[in-house]
Every structure is written in C-alpha cells, then in structure tokens.
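>>> After the sequence you'll find the predicted model.
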Amino acid sequence: MSRGPTINRREFAATAAASTLLCASEPAPAAKKPVAAVVDTHLHCFAGSEDKRFPFHPRAPYRPTASASPEHLLHCMAGAGVDHAIVVHPEPYQDDHRYLDHCLGVGGKKLKGTCLFFGDRPGSIEKMPALVKKHPGRIVAARIHAFRKDRIPDFSKPGVGRVWKMAADLGLAVQLHFEPGYAGGFEKYIREYPGTTVVIDHLGRPLQATKAEHAKVFKWARYKNTIIKVSSLPAADAKAPRPIGPIIRRLVDAYGPERSIYGGGFNGQATGDSYRAYRQRVAGYLGKLSGKDLAKVLGGTAVRVFGFA
C-alpha cells in the first residue's frame with residue numbers, strides 16, 4: 001500500500017502523547033492524518049440521575065449517575081476534530097427514546113442516532129416507525145444485544161427476527177452487540193437479509209471469548225453486508241488476556257477499510273484532547289494502512305454508509 005501523508009509538528013506531539021497511554025508491550029505506530037471527514041460511530045449520552053426529565057427505564061440494566069450530555073459532546077467534538085457522531089441509544093433508557101430526541105435536537109446535522117426496541121415485548125417494535133419518521137435520515141440502525149446472561153434474547157422465539165425485519169423494512173442497519181459465544185443466533189438473519197447492513201460492535205468482543213469462539217467474527221467478513229466497528233478498546237494499562245492491536249489489524253484486513261468504521265473516546269469526563277488521543281490510538285494500530293484507507297476507517301466509510309453530508 002502507498003504511504004500516507006506526513007504529519008505536522010502538532011499532530012506528531014499529539015500522537016506521541018497518545019502513544020504513552022499504550023501498553024509498553026504493544027506500541028502503536030504513529031498515526032497518519034486523515035484526509036476526509038472524521039466520524040465517531042459509537043458513543044453514549046446520558047442525562048444523569050439528577051435530570052428528572054429523562055428517567056431511566058424500570059428495566060435498566062445499569063444506571064449511570066453522571067451526565068454525558070450532547071452539549072458536552074459537541075464541545076469535545078470541536079476540540080478533537082470530529083465532524084460527525086452517532087449517538088448509540090443506551091440500555092438504561094430501553095425503548096424510551098426521549099433523551100435521544102433531545103440529543104438529536106441539540107446536535108443538528110452533526111449527530112445521528114441508533115434505536116433500541118424489543119421484538120419480545122408487546123408494543124415495543126411497533127414504535128420504531130414513528131421514531132424513524134420523526135427524525136428523517138437520522139436514525140441509522142436498530143441495536144440488538146446478546147451480552148451477558150441477563151441480556152440474551154431467546155433465539156428460539158421470533159423476537160430477534162421481528163426486530164431485524166422491521167429495521168430492514170425501514171431501511172435501517174442492524175447493529176449487533178454480543179459476546180462471541182452467542183453469535184450463532186444471528187448468522188441466519190445476516191444471510192436472510194443480504195441487503196441490510198449489519199454493524200458488528202466492539203470488534204465482536206474478542207476479549208470476552210476464546211480465539212475459537214471469536215473466529216466466527218472473522219468468518220462473517222465473507223458476508224458483504226457486514227461492517228466491523230473498531231470500538232471499546234481496553235484501557236491502555238488494562239491487563240487484557242491478549243493484545244488488541246493484532247486483532248484490530250486482522251479484522252480490518254479481513255473486512256477491508258470500505259467495511260470498517262471506528263468509534264469511542266467520549267464520556268462525561270472527556271476533553272477534546274482525550275477524545276482526539278483515543279482516535280489517534282486507533283489510527284496508530286492501523287499505521288500500515290495508506291492515508292486514503294485510514295481515512296475510510298476514521299470517517300469515509302461511515303459517511304457513505306450512514307449518509308452524513
């Protein structure tokens with residue numbers, strides 16, 4: 001592959017600072033400067049426990065106390081050079097999307113969102129068309145979880161298929177958040193709906209599985225409607241069961257830059273600098289890509305797939 005453009009002094013300094021966050025046993029190459037729009041495809045916003053306008057759902061699996069507001073997000077985006085972002089509607093709100101409505105109202109053209117509905121709960125997925133109609137072109141995916149024992153759908157029943165069909169009928173992607181041990185329940189739907197984009201969150205959670213279990217995520221690259229998301233990287237000083245860098249490189253190589261996107265780095269404590277450093281960490285792991293291909297992963301693919309202007 002061709003070499004990317006050289007980086008200026010400011011980019012070099014920022015990259016060097018980000019690199020100090022990496023494990024000493026797994027150094028990341030210097031990041032190249034992208035030449036296209038930057039799109040963070042995975043972040044959560046929370047109103048916080050004190051904002052009574054947006055209560056958590058009674059079935060919330062967790063309840064963050066601190067806020068991570070869209071106003072703070074836009075401030076961090078400006079400081080980090082992020083052009084657009086996708087607010088992934090989080091589980092504490094379940095199928096109540098009032099806070100997502102708020103986020104999209106604040107974010108304007110810079111933000112899009114995903115939704116969360118349930119095929120096994122009466123009246124839940126029936127609300128999906130109204131949300132999509134309310135935000136034309138701005139709800140890009142329906143998310144399905146198969147993560148941890150208390151959040152596993154019953155694959156023997158039609159609930160997952162109902163969500164998938166509704167998303168397909170509405171022109172949405174399906175966004176999968178799963179531990180690899182549960183991946184088998186989704187594969188038939190990937191085949192059944194070849195025209196529906198399938199986004200695989202968090203690299204398919206390789207560190208929550210054995211290599212053999214995670215091998216299925218690599219095999220899914222043969223389905224041309226799948227996209228891998230480089231997101232939820234372990235903390236640089238975390239004692240991970242195996243290095244994340246080689247996994248990222250192998251997955252992006254398997255799916256190709258045209259079907260790879262990045263996400264992450266934002267939370268309520270983020271700053272523009274920390275947000276940028278996360279992206280540069282991702283870019284560092286992909287240092288062997290050309291500048292053009294790196295730009296696809298950091299934004300170009302998301303612009304094309306999710307319709308950012």
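That came in fine, so what should we check first?
>>> what about residue 263, neighbour count?
The tally of other residues near residue 263 (other CB atoms under 10 Å) stands at 25. C-betas here are computed from N, CA, C, even on glycine.
>>> Contacts only, for it.
40, 41, 42, 43, 86, 88, 229, 230, 231, 232 (CB atoms under 8 Å, 6 or more residues apart in numbering).
>>> just residue 114 next, same as before
Counting by CB under 8 Å, 6+ apart, residue 114 touches 86, 87, 88, 89, 139, 140, 141, 142, 143, 175.
>>> low pLDDT regions in the protein?
1-35 (pLDDT under 70).
>>> Going by length in residues, pull out the top strand of it.
The longest strand of the chain (DSSP state E) is strand 139-146.
>>> Give me the sheet partners of the helix or strand encompassing residue 112 and which way each runs.
The secondary structure element spanning residue 112 is strand 111-115 (assigned by DSSP states H and E). Its sheet considered, strand 111-115 pairs with strand 84-87 (parallel), strand 139-146 (parallel) by DSSP bridges.
>>> any idea how far the shortest one is from the chain center?
Spelled out, it's strand 84-87. Centroid separation between strand 84-87 and its chain, computed with CA atoms, centre = their mean, to the nearest Å, is 9 Å.
>>> now the longest one
In terms of CA atoms, centre = their mean, the gap separating the centre of strand 139-146 from the centre of its chain is 10 Å.
>>> Who are the packing partners of the next helix or strand after it?
Next helix or strand after strand 139-146 toward the C-terminus (DSSP H and E): helix 159-169. Where contact means 3 or more CB pairs under 8 Å, 6 or more residues apart in numbering; DSSP states H and E, helix 159-169 is packed against helix 128-134, strand 139-146, strand 173-178, helix 187-192.
>>> Now do helix 159-169 against strand 111-115, angle only.
If you take axes from the mean of the first three to the mean of the last three CA atoms, to 10 degrees, helix 159-169 sits at 140 degrees to strand 111-115.
>>> Need the contact partners of helix 159-169.
Residues outside helix 159-169 that contact it (CB under 8 Å, 6+ apart) are 117-120, 125, 128-129, 141-142, 144, 153, 173-174, 185-186, 189, 192-193, 195-196.
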